[in-house]
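Undergrad: Only the shape, not the letters, is given here:
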């Protein structure tokens, strides 16, 4: 590791307080006279004052507007935990550093603010890596603060030393090592600016122990200078006009909406564009809630477990209006066969995403908050000048698909409850104002399919990384960020056992989340693949937690041990009453053991390695198309 300098040469920041380089802000480049606008927070002016590096770290977080932090102390970060006691910052002591990272993610996802987690050196820092990678994959604004051994022994394999800057470089927007206490205010201001602007993502700041203990001169706001970082926010007018022309000419357009719309807070702007064009809208797994499910233009979620209408709309389209999506493999299937006849408009704030997987005919780089209204204005001019396209035949085709192949399920033959019914009733009884946080696997897909999402930031999940154990700590963070909303962690019996120690955090800190364990006594999605592709050879997927097993652990007893309310539901006729009982308990967390059938599967499904045209609505059942393209 280098000592006292940022890790990435492209982002090397000037150390001298009056440096005259320009700083990047949402409005573009500004002079140092107005550099404070790039600093997150209220931009209070603090006159120079002497304090320790640790005190400067805590004070910087306060000046940045941070309210809540999730963390776990240890030797290398201990100097900072002392002044933290005198701060108004709400520090929530987690039981595992991974929980701190996922909680910070959940907090960021529901609030739109930067989530903050803190850990010590060595294993404390490496325990954050999974959450940092998860935030990187899903573009979640996160600042991870870690302690490091003293600078004099860095590189000597000192006790609890780990090169966390080197470890996290591929999975962060930037990673810093701070060995000079005078750098602390500037580095933290830069970290928050990087995490929250452009394409959001995680930034790691590693503080050497001696930098925390040494004296420094604190003032605020600091001068930040990131010459290699200048996000573009406004789309190019020529590209917008060309996109509008393609939209007017298209016979089968589709608005392919990704999670970037939610990150940009552009859902209202999307609604205007959709209603103006009359084009069908598909919302990816990360974009659920970006466009109301109840809207007549919404045709569903695309992808491996998407609706027939959404998957086919993309396949049959002649124009993909791609907004904040990245053409990932779970949406495209075999990339070479994806939407073979479609031209592509691709708008994204990250230029690296455009034409990465699918070549864009019209690339538009910028913030969707700016691009979508400008595109709507260009489309309106195009329609007024050349007429509004007739999408009647396209909608007749899609409407028939939507009516013929709606989402549904078959009741299990073993007499146990269907997980789809359980999850559907959770959504219906809680309503669209709730927040739903899924783990990873079958229950994640069912929660995406069978809960109706009407607003952004109501659906949280680990999309890109697929991290088991995400749900409980992320729900905890979401509840801290949105304390007045009902927050459900919809989890599997496998995922739940990876991070359920955070129930202690929830109980002690009065964070009353509700956990629905969809208990099929197995690693459900792995079991589904074993059923379909491995001749039902269930190698190492039985968990012994459900019906007719030894129930290790017994989730109701586990809930009681953590001081939570524990409920169990095993009959269809008890589903509503159990959910209503959980909704009525708000003084502590609630854990419900929903004992469901292990034989239920997620449908529709596009098997891995095949074209989306081969989507199956049930085992070995492919839709019969009424129209050939």
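TA: Yep, it's here. The model shown is predicted, which means the values in this text are computed figures rather than measured ones.
Undergrad: The residue nearest to residue 236 when sequence neighbours are not counted in helix, strand or coil?
TA: Excluding the flanking residues, the one nearest residue 236 by C-beta to C-beta, 6 or more residues apart in numbering is residue 364, at 6.7 Å. Just so you know, the C-beta spots here come from the backbone N, C-alpha and C atoms, and that holds for glycine as well. Three-state call for residue 364 (DSSP: H, G, I helix; E, B strand; the rest coil): strand.
Undergrad: Let me see the contact set for residue 364.
TA: By C-beta atoms under 8 Å, 6 or more residues apart in numbering, the contact set of residue 364 is 235-236, 239-240, 243, 345-348, 371, 375.
Undergrad: 10 Å instead?
TA: 232, 234-236, 238-240, 242-243, 322-323, 345-349, 354, 371, 374-375 (C-beta atoms under 10 Å, 6 or more residues apart in numbering).
Undergrad: same thing with residue 282?
TA: 254-258, 291, 298-303, 306-307, 309-311, 313-314, 317, 320, 325, 331.
Undergrad: try residue 485
TA: Neighbouring residues of residue 485 by C-beta under 10 Å, 6+ apart: 110, 430, 433-435, 457-458, 478-479.
Undergrad: and after the longest helix anywhere in the chain, which helix or strand comes next?
TA: Criterion DSSP state H: the longest helix present in the chain is helix 368-386. Note on helix 368-386: by DSSP states H and E, the next helix or strand toward the C-terminus is helix 392-404.
Undergrad: and the host helix or strand of residue 529, which residues are buried?
TA: Assigned by DSSP H and E, residue 529 belongs to helix 524-533. Residues of helix 524-533 classed as buried: 524-531 (neighbour count, 16 or more other C-beta atoms under 10 Å).
Undergrad: Which strands and helices lie in contact with that helix?
TA: helix 442-450, helix 493-499 (3 or more C-beta pairs under 10 Å, 6 or more residues apart in numbering; DSSP states H and E).
Undergrad: rewinding a little: now restrict the contacts of residue 282 to buried residues only.
TA: 254-258, 291, 298-303, 306-307, 309-311, 313-314, 317, 320, 325, 331.
Undergrad: Among these, which lie within strands?
TA: Among these, the ones falling in strands (DSSP state E) are 254-257, 298-300, 320.
Undergrad: Reformat the residues you listed as a markdown table; add pLDDT.
TA: What follows is these, written out as a markdown table (pLDDT from 0 to 100):
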| residue | pLDDT |
| --- | --- |
| 254 | 98 |
| 255 | 98 |
| 256 | 98 |
| 257 | 98 |
| 298 | 98 |
| 299 | 98 |
| 300 | 97 |
| 320 | 98 |
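Undergrad: Any chance of TSV for those residues, columns distance to residue 615?
TA: Shown next, in TSV, are those (distance: C-beta to C-beta, whole Å):
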residue	distance to residue 615
254	16
255	20
256	17
257	20
298	18
299	14
300	12
320	18
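Undergrad: For residue 174, see how far away the spatially most central residue of the chain is.
TA: Nearest to the mean C-alpha position of the chain, counting by C-alpha atoms, centre = their mean, stands residue 138 at 4.6 Å. Note on residue 138: its distance to residue 174, by C-beta to C-beta, to the nearest Å, is 17 Å.
Undergrad: do the same with residue 234
TA: According to C-beta to C-beta, residue 234 and residue 174 sit 24 Å apart.
Undergrad: higher neighbour count, these two?
TA: Shown here are residue 234 and residue 174; by other C-beta atoms under 10 Å, residue 174 has more neighbours (26 against 15).
Undergrad: just checking, that one touches residue 192?
TA: No - with contact defined as C-beta atoms under 10 Å, residue 174 does not reach residue 192; the gap is 11.4 Å.
Undergrad: Which neighbours do the two have in common?
TA: The overlap between the contact sets of residue 174 and residue 192 (C-beta under 10 Å, 6+ apart) consists of 203, 205.
Undergrad: Which residue ranges of the stretch 451-600 of the chain form helices?
TA: For the stretch 451-600 of the chain, the helices defined by DSSP state H, counting those that start in this stretch occupy 471-481, 493-499, 502-508, 524-533, 555-561, 575-584.
Undergrad: So which of the ones you listed has the densest surroundings on average?
TA: Each of these was scored by mean neighbour count; the highest is helix 471-481, a mean of 31, by mean count of other C-beta atoms under 10 Å.
Undergrad: tell me the angle of that helix relative to helix 442-450?
TA: 50 degrees (axes from the mean of the first three to the mean of the last three C-alpha atoms, to 10 degrees).
Undergrad: So what's the gap between helix 471-481 and the chain middle?
TA: 12 Å (C-alpha atoms, centre = their mean, to the nearest Å).
Undergrad: One more: stretch 93-112?
TA: 11 Å.
Undergrad: Helix, strand, or coil at residue 62?
TA: Recorded secondary structure, residue 62: helix (three-state DSSP).
Undergrad: How much space separates it from residue 154?
TA: Counting by C-beta to C-beta, the gap from residue 62 to residue 154 is 28 Å.
Undergrad: Quick check: which element contains residue 327?
TA: Using DSSP H and E, residue 327 maps to neither a helix nor a strand.
Undergrad: For the stretch 501-629 of the chain, which residues score under the pLDDT cut-off?
TA: 625-629 (pLDDT under 70).
Undergrad: One more pass at 90, please.
TA: Applying pLDDT under 90 to the stretch 501-629 of the chain picks out residues 607-610, 617-629.
Undergrad: still on that earlier bit, would you reformat the helices and strands packed on helix 524-533 as CSV and include distance to residue 413 and mean pLDDT?
TA: As requested, the helices and strands packed on helix 524-533 are exported to CSV (distance: least, C-beta to C-beta, whole Å; pLDDT from 0 to 100):
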stretch, distance to residue 413, mean pLDDT
helix 442-450, 17, 98
helix 493-499, 21, 98
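Undergrad: Which strand or helix spans residue 194?
TA: According to DSSP H and E, residue 194 maps onto helix 184-196.
Undergrad: Packing partners of that helix?
TA: In terms of contacts (3+ C-beta pairs under 10 Å, 6+ apart), helix 184-196 is packed against strand 23-25, strand 46-52, helix 53-63, strand 115-119, strand 142-148, strand 174-178, strand 202-208, strand 215-220.
Undergrad: Make TSV from those and add mean pLDDT and distance to residue 284 to it.
TA: What follows is the helices and strands packed on helix 184-196, written out as TSV (pLDDT from 0 to 100; distance: least, C-beta to C-beta, whole Å):
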stretch	mean pLDDT	distance to residue 284
strand 23-25	31	28
strand 46-52	98	43
helix 53-63	98	33
strand 115-119	98	22
strand 142-148	98	21
strand 174-178	98	27
strand 202-208	98	21
strand 215-220	98	40
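Undergrad: Output those in a markdown table, with distance to residue 559 appended to each entry.
TA: Formatted as a markdown table, these follow (distance: least, C-beta to C-beta, whole Å):
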| stretch | distance to residue 559 |
| --- | --- |
| strand 23-25 | 48 |
| strand 46-52 | 43 |
| helix 53-63 | 34 |
| strand 115-119 | 26 |
| strand 142-148 | 29 |
| strand 174-178 | 39 |
| strand 202-208 | 32 |
| strand 215-220 | 45 |
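Undergrad: nearest to residue 517, of these?
TA: Nearest of the helices and strands packed on helix 184-196 to residue 517, taken as C-beta to C-beta: strand 115-119 at 25.1 Å.
Undergrad: Listing partners with orientation, what would you give for the closest one?
TA: With DSSP bridges as the test, strand 115-119 is paired with strand 68-71 (parallel), strand 142-148 (parallel).
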